[in-house]
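A.B. asks: Sequence plus predicted model, see below.
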Amino acid sequence: EALLKHCRAQETSSLTDTDARVSIQVVFKHVPNKTKHPVKVTLKHAMHNKSPSICLITKDPQRYYKDLMKTNNISVARVIGIGKLKKKFKDLEAKRILCDSHDVFLVDERVLPIVPRWLGSYFYRKGKAPVKVDLTQKDVKGVMDTGMRSYMVANLGKGSNLSIPCGRVSFDNEMLVENINSSVSNLCSYVRWKNIKSVYVKTESSVALPVYTALSNSSFKITN
């Protein structure tokens, strides 16, 4: 609790109109093996306090998936078939406008391998890497809900540290702790726990505060 209060205090001067993001920084003892594709980290609570604007990228035909969302009473701001993505969003400015128009991008996992080259690097620099979803499942609403609570980590294995968004300054302590626990648990599906040297929590402008530090044969934890 003291750590989160400190983070919020660091944001006081700049949080007039902005709900700053809280992330964890994970430091590894050794650089992990590089993953072939971005890894999916699913949080217990969504990163957005209000209903986010969702863009869903799908296989063709686009109309089928628009109807699928409507049938399952799923609120999606925009559905884009892969064919339309290729035709309408070729130039950089169109891609930037698309990226800045929505909070969350979900993509049918069947077209995920070809989507990054059509979206370009701007999406990844803005922290909006498309999250894969399996639209062949019967529980489409559940699949979409999980996707909205997920984040794609694209740089695992590219260095000795990693940053994962876990919430907002306005989240209560319990929500943030649960999101931190779920993000670390997800990460340990790809990295061995004994390779984690330390974990820090920070906001966009605060100092990084330690919540876990591995010692020689044991560990030191800071809890709420």
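C.D. replies: Now that the structure is in, tell me what you want to look at.
A.B. asks: By residue count, what's the longest helix in the chain?
C.D. replies: As assigned by DSSP state H, the longest helix anywhere in the chain is helix 173-187.
A.B. asks: counting contacts, what elements does that helix pack onto?
C.D. replies: strand 21-28, strand 39-42, strand 161-168, strand 196-203 (3 or more Cβ pairs under 8 Å, 6 or more residues apart in numbering; DSSP states H and E). In this view, the C-beta of every residue, glycine as well, is placed from N, C-alpha and C.
A.B. asks: mind listing what's buried in the third one?
C.D. replies: For strand 161-168, burial by neighbour count (16 or more other Cβ atoms under 10 Å) applies to 162, 164, 165, 166, 167, 168.
A.B. asks: Would you mind reformatting those residues (as CSV) and adding columns for pLDDT and distance to residue 194 while you're at it?
C.D. replies: Putting the buried residues of strand 161-168 into CSV (pLDDT from 0 to 100; distance: Cβ to Cβ, whole Å) gives the following:
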residue, pLDDT, distance to residue 194
162, 91, 16
164, 92, 19
165, 91, 25
166, 91, 22
167, 88, 26
168, 87, 31
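A.B. asks: Just give me the residue right at the centre of this structure.
C.D. replies: The residue lying closest to the centre of the chain (Cα atoms, centre = their mean) is residue 151, at 2.0 Å.
A.B. asks: Confirm that that one sits in a strand.
C.D. replies: Yes. The secondary structure assignment for residue 151 places it in a strand, going by DSSP: H, G, I helix; E, B strand; the rest coil.
A.B. asks: residues contacting the residue lying closest to it once chain neighbours are set aside?
C.D. replies: Distances taken as Cβ to Cβ, 6 or more residues apart in numbering put residue 41 closest to residue 151, at 5.1 Å, once the chain neighbours are dropped. For residue 41, the contact set (Cβ atoms under 8 Å, 6 or more residues apart in numbering) comprises 150, 151, 152, 153, 164, 182, 183, 186, 187.
A.B. asks: now do 7 Å
C.D. replies: 150, 151, 153, 164, 183, 186, 187 (Cβ atoms under 7 Å, 6 or more residues apart in numbering).
A.B. asks: Could you single out the nearest of the residues you listed to residue 35?
C.D. replies: Distance to residue 35, by Cβ to Cβ, is smallest for residue 153 among those, at 8.5 Å.
A.B. asks: For the closest one, list the residues it contacts.
C.D. replies: In this structure, residue 153 makes contact with 38, 39, 41, 162, 164, judged by Cβ under 7 Å, 6+ apart.
A.B. asks: what's the closest non-adjacent residue to it?
C.D. replies: Once chain neighbours are set aside, the closest to residue 153 by Cβ to Cβ, 6+ apart is residue 39, at 5.0 Å.
A.B. asks: per-residue confidence at the one you found?
C.D. replies: Here, the pLDDT recorded for residue 39 equals 87.
A.B. asks: Could you do residue 12 as well?
C.D. replies: According to the per-residue confidence, residue 12 scores 53 in pLDDT.
A.B. asks: What of the one 5 residues further on?
C.D. replies: The confidence metric pLDDT takes the value 43 at residue 17.
A.B. asks: Now stretch 72-87: average pLDDT?
C.D. replies: For stretch 72-87, the mean pLDDT works out to 95.
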